[in-house]
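Student: Here's my sequence, what's the structure:
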Amino acid sequence: MKVNVEIDCTPEEARRFLGLPDLRPMQDAVMAKVQQQMLDAVNVLSPESLLKTWMPLAPQSPEQMRDAMAAMFRMFTPGGGAGGKSGPG
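Tutor: As a prediction, this is how the structure comes out:
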């Protein structure tokens with residue numbers, strides 16, 4: 001003998017009928033926290049923050065960067081760096 005029982009109800013109605021707890025408030029709180037963490041991670045991964053994290057001693061303003069680049073190029077040119085010769089030969 002085969003008996004088929006078909007029940008037409010929503011998941012909410014089935015949860016109440018079976019006496020299961022309502023987890024919606026907890027799920028909403030967890031999802032809000034996950035969303036906030038994802039938004040914070042996006043801010044942390046911005047190019048500016050990555051540069052500051054990876055190179056904390058790097059110049060922060062364009063003028064400082066220009067001066068640092070000029071100083072670096074002077075180190076590699078003859079007579080420009082400390083202890084360098086004034087000319088070839």
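Student: Off-centre distance for the longest helix belonging to the chain?
Tutor: If you go by DSSP state H, the chain has its longest helix at helix 24-44. Averaging C-alpha positions (C-alpha atoms, centre = their mean, to the nearest Å) puts helix 24-44 14 Å from its chain's average.
Student: again, but for stretch 11-21
Tutor: In this view, stretch 11-21 has its centroid 39 Å away from the chain centroid, taken as C-alpha atoms, centre = their mean.
Student: Likewise for stretch 72-79?
Tutor: Using C-alpha atoms, centre = their mean, the offset of stretch 72-79 from its chain centre is 38 Å.
Student: Give the buried residues for that stretch.
Tutor: By neighbour count with 16 or more other C-beta atoms under 10 Å, stretch 72-79 contains no buried residues. C-beta: built from backbone N, CA, C; applies to glycine.
Student: related to what we said a few turns ago, what is the mean pLDDT for the longest helix of the chain?
Tutor: Computed over helix 24-44, the mean pLDDT rounds to 91.
Student: excluding its backbone neighbours, what's nearest residue 9?
Tutor: residue 17 (7.3 Å; C-beta to C-beta, 6 or more residues apart in numbering).
Student: could you measure the one you found against residue 3, distance?
Tutor: 20 Å (C-beta to C-beta, to the nearest Å).
Student: repeat for residue 44
Tutor: 59 Å.
Student: who's more crowded, those two?
Tutor: Each of residue 44 and residue 3 has its neighbours counted (other C-beta atoms under 10 Å); residue 44 has more, 10 against 4.
Student: right, and the helix or strand after the lowest-mean-pLDDT helix or strand in the chain?
Tutor: When each helix and strand of the chain is scored by mean pLDDT, DSSP states H and E, helix 47-54 comes last, with a mean of 75. Heading C-terminal from helix 47-54, the first helix or strand you meet, by DSSP states H and E, is helix 62-76.
Student: follow-up on the earlier one: which strands and helices sit next to the least confident helix or strand of the chain?
Tutor: Helix 47-54 sits against no helix or strand, with contacts defined as 3 or more C-beta pairs under 8 Å, 6 or more residues apart in numbering; DSSP states H and E.
Student: Please compute how far that helix lies from its chain's middle.
Tutor: 11 Å.
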